[in-house]
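1. Sequence and predicted model, in that order:
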Amino acid sequence: MDFEVSDDRRMLSDTLTRWLASDYPIDHRNKVAYTEPYHDPQKWAELAELGALMALADEAHGGFGGRGYDVMTVFDALGRGLCPEPVLPALMAVRVLSAAGEDLEALVSGATRYAVGIGELAAPYTLDGIETEATPSGDEWRVTGRKSVVYGGIGADRILVAAKHGGTLGVYEVDGTRARITGFGMIDGGPAAEVFLEGTPARQVMGDGTAALQDALDWGALALCAEAVGAMDVTKDTLLDYLKQRKQFGKRIGDFQVLQHRTVDLAIEIEQARSITILAASRMGEVDQSRTASMAKNLIGRAARLVSEETIQMHGGIAMTWEYPVSHYAKRLVMLDGQLGDTDYHLERVMAEHMAA
């Protein structure tokens with residue numbers, strides 16, 4: 001496996017990191033992430049201008065990336081900046097529309113915002129059990145059902161909806177202005193929505209979209225893993241800086257051996273998380289893509305929770321305050337586990353595939 005970062009990806013990472021640090025500082029992030037529309041539309045346009053969305057698609061579909069390492073580069077930087085912009089649904093839409101042979105120009109330029117509605121109350125993570133239905137109506141389709149926790153759903157121009165017709169699960173594009181949308185901010189910031197469809201007009205994108213939807217979920221899991229690695233790196237660095245400065249009993253608390261050991265344990269966990277994310281990125285597009293993505297999501301979920309909990313404990317009360325960045329990073333790290341399948345769900349997926357083999 002080649003661990004060398006290409007010059008293009010290094011340049012993209014540096015550009016995004018500098019922009020987030022200068023134009024999207026933590027105080028601005030906290031201001032926009034928890035108030036409607038739960039992100040900054042102007043910053044979304046700037047993010048698109050920097051090429052972040054184009055890095056998610058390959059050259060054949062108007063981008064300049066589209067590989068696992070490109071996605072990892074973008075979301076690692078977003079995790080470091082704790083950025084709430086709805087890039088995750090854009091990535092998932094890229095995967096679905098690419099599989100359908102659709103034009104991605106409006107998506108990767110940031111001109112049209114997409115969301116992807118897959119999860120439902122009875123089937124939050126899996127494609128099995130989806131109850132939303134699509135029925136033909138003349139030259140168009142009508143979709144009826146409810147999609148839950150649609151990331152980026154509030155304010156989306158287009159929503160790609162997973163719905164069944166007969167025994168087939170397809171993908172249907174709904175105009176965001178024609179669906180009944182209840183938007184909300186996630187507890188860790190960022191936009192999401194409940195999408196209610198009641199005979200809503202739609203365009204069929206794919207008659208059989210099962211493979212494309214699972215592919216989108218796999219790539220979404222990879223993106224969340226990379227975001228978590230970036231956020232864990234910043235959290236660890238903040239902790240190290242605090243241990244070097246905070247004094248107790250007349251000496252720096254970083255000199256206490258027990259805290260040194262606990263910090264080393266966190267560093268090891270983060271490096272393991274980084275390694276399995278790199279492995280998952282290298283296997284996107286291969287036969288074991290889903291299995292490796294689930295392995296990574298399971299490990300990342302456990303590591304991220306440990307890093308957040310240990311960091312708060314070693315900081316003490318200050319890490320629970322709104323003004324201190326660690327509290328927001330810790331909250332995001334814990335909540336990342338619940339997106340697109342938690343540790344238990346992905347463990348069960350890996351076990352089921354192993355048993356089937």
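-> Noted; the coordinates are in hand. Residues are numbered from 1 along each chain as shown.

2. ok, for Leu299, nearest residue in space, not its chain neighbours?
-> Nearest non-adjacent residue to Leu299, counting by Cβ to Cβ, 6 or more residues apart in numbering: Ile276, 5.2 Å away. All C-beta spots, glycine's among them, are computed from the backbone N, C-alpha and C.

3. again, but for His28
-> Nearest non-adjacent residue to His28 (Cβ to Cβ, 6+ apart): Asp40, at 7.5 Å.

4. wait, doesn't the one you found sit right on Pro25?
-> No. Between Asp40 and Pro25 there is no contact under Cβ atoms under 8 Å: 11.9 Å.

5. More neighbours: these two, which one.
-> Neighbour count, other Cβ atoms under 10 Å: between Asp40 and Pro25, Asp40 has more, with 20 against 14.

6. For that one, give me its contacts.
-> Taking Cβ atoms under 8 Å, 6 or more residues apart in numbering as the criterion, Asp40 is in contact with 24, 28, 32, 85.

7. roughly how far apart are it and Trp19?
-> Asp40 is 13 Å from Trp19, where distance means Cβ to Cβ, to the nearest Å.

8. helices or strands up against the lengthiest strand in the chain?
-> Ordering each strand of the chain by length in residues (DSSP state E) puts strand 191-206 first. Counting by 3 or more Cβ pairs under 8 Å, 6 or more residues apart in numbering; DSSP states H and E, the packing neighbours recorded for strand 191-206 are helix 87-99, strand 114-117, strand 133-137, strand 140-151, strand 158-165, strand 168-175, strand 180-185.

9. Give me whichever of these is most buried.
-> Looking across the helices and strands packed on strand 191-206 with neighbours counted as mean count of other Cβ atoms under 10 Å, the highest average goes to strand 114-117: a mean of 29.

10. Remind me what it packs against, helices and strands.
-> Other helices and strands packing on strand 114-117, by 3+ Cβ pairs under 8 Å, 6+ apart, are helix 87-99, strand 140-151, strand 158-165, strand 191-206.

11. does the residue nearest to Leu299 really touch Arg302, like I thought?
-> No. Contact criterion Cβ under 8 Å: Ile276 and Arg302 do not qualify, at 11.2 Å.

12. For those two, indicate the residue with more neighbours.
-> Per other Cβ under 10 Å, whichever of Ile276 and Arg302 has more neighbours is Ile276, with 21 against 15.

13. Now the element after the lowest-mean-pLDDT helix or strand in the chain, going C-ward?
-> Within the chain, no helix or strand scores below strand 247-248, which has a mean of 79 by mean pLDDT, DSSP states H and E. Once the chain leaves strand 247-248, the next helix or strand it forms, by DSSP states H and E, is strand 251-252.

14. That next one packs against which elements?
-> Contacts defined by 3+ Cβ pairs under 8 Å, 6+ apart place strand 251-252 against helix 210-245.

15. Show me where this structure dips below the pLDDT cut-off.
-> Along the chain, the model assigns pLDDT under 70 to residues 1-4, 357.

16. Spell out which residues make up each domain of it.
-> Per automatic domain parsing, the structural domains of the chain span 7-108, 114-208, 212-356.

17. What's the end-to-end length of the last one?
-> Right, domain 212-356. Domain 212-356 has its terminal residues 22 Å apart, counting by Cα to Cα, to the nearest Å.
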